[in-house]
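Participant: Here is a sequence together with a model predicted from it:
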Amino acid sequence: MSKVSSSIPQGAKEYLGNASKSIFKRENLRSLTVFMGLGEERPFYIEKNPAFVISRLQHNLSFFYLNYSIVFAVLFVITMITSLKTMLGFLCLGGAWLYVIRASADGTLRIGKSIAIPQKPATVGMTVISAIVSLCLLSHVFWWTVGSGGFVTLIHAGLRDASLYQDQDDRVEMHGSLEEEGEFLNTPLNAI
């Protein structure tokens, strides 16, 4: 694995690191109150104007994207846990890994009396087998997650009126106290 990591140019590593930091910023994760519109008068309603629907979808998908990814992750885990076939498959895969690791502890994996495979090719082969088995086991989980997560995301993005948070780019961080500097706000207009 270190050979693969060392073959990637440093600029590409930095670019990917910066991209992942900007995508997964904690500030972009909206609270449950904001996500569900708790405390708002009408957080969900059907918009009849198609232009407003498209605008709402664009805003909500970009504003709640991190929340939607968490919804997808939770649905993926729940779907994987509730699938008996997937759980049994991963249990068998874990048992196969345990066998390969223990059987090749002395440096070679012996199959029968005549076949001896060095430890490194055995683990590489097991990695390839694990990838193929994982793809087979998780394909239905993946498509179920994409379908149900996409449905939930589109329903939420289409119905959630988050226009209150539309102008978050105009937000200015305020620091300090306004007690002394803002005293003029309390003076009556006829005194000026």
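Facilitator: On my side now, so go ahead.

Participant: check which helix or strand covers the most centrally placed residue in the chain.
Facilitator: The residue lying closest to the centre of the chain (CA atoms, centre = their mean) is residue 69, at 3.8 Å. Per DSSP states H and E, residue 69 falls inside helix 65-82.

Participant: Just the buried residues of that helix, please?
Facilitator: 65-68, 71-72, 75-76, 79-80 (16 or more other CB atoms under 10 Å). Backbone N, C-alpha and C define where each C-beta goes, glycine included.

Participant: Include distance to residue 19 when you put those residues into a markdown table, please.
Facilitator: Below are the buried residues of helix 65-82 laid out as a markdown table (distance: CB to CB, whole Å):
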| residue | distance to residue 19 |
| --- | --- |
| 65 | 14 |
| 66 | 14 |
| 67 | 20 |
| 68 | 18 |
| 71 | 22 |
| 72 | 19 |
| 75 | 25 |
| 76 | 22 |
| 79 | 28 |
| 80 | 27 |
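
Participant: So which of these is the closest to residue 31?
Facilitator: Nearest to residue 31, judged by CB to CB, of the buried residues of helix 65-82 is residue 67 at 9.2 Å.

Participant: Would you confirm that the closest one contacts residue 35?
Facilitator: Yes: using CB atoms under 8 Å, residue 67 is in contact with residue 35, at 5.1 Å.

Participant: Setting aside sequence neighbours, what's the nearest residue to residue 70?
Facilitator: Nearest non-adjacent residue to residue 70, counting by CB to CB, 6 or more residues apart in numbering: residue 29, 7.6 Å away.

Participant: mind listing what the one you found touches?
Facilitator: 66-67, 70 (CB atoms under 8 Å, 6 or more residues apart in numbering).

Participant: The helix or strand hosting residue 13 vs helix 65-82, what angle?
Facilitator: Per DSSP H and E: residue 13 is located in helix 10-23. Following axes from the mean of the first three to the mean of the last three CA atoms, to 10 degrees, one obtains 90 degrees for the angle between helix 10-23 and helix 65-82.

Participant: from the chain's centre, how far out does the helix or strand that helix 10-23 is followed by sit?
Facilitator: Toward the C-terminus, helix 10-23 is succeeded by helix 32-36 as the next helix or strand (DSSP H and E). Mean C-alpha position of helix 32-36 versus that of the full chain (CA atoms, centre = their mean, to the nearest Å) differs by 17 Å.

Participant: Restricting to C-alpha, output whichever helix or strand comes after helix 32-36 in CSV.
Facilitator: Next along the chain after helix 32-36, taking DSSP H and E as the criterion, comes helix 50-63. What follows is helix 50-63, C-alpha atoms only, in CSV (Å, rounded to 0.1, in the frame of the first residue of the first chain):
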residue,chain,number,x,y,z
PRO,A,50,-41.9,25.1,-11.7
ALA,A,51,-39.3,27.9,-11.7
PHE,A,52,-39.5,28.0,-7.9
VAL,A,53,-39.4,24.2,-7.6
ILE,A,54,-36.1,24.1,-9.6
SER,A,55,-34.7,27.0,-7.5
ARG,A,56,-35.7,25.2,-4.3
LEU,A,57,-34.2,21.9,-5.5
GLN,A,58,-30.9,23.6,-6.4
HIS,A,59,-30.7,25.5,-3.1
ASN,A,60,-31.7,22.5,-0.9
LEU,A,61,-29.3,20.1,-2.6
SER,A,62,-26.4,22.4,-2.1
PHE,A,63,-27.4,23.6,1.4
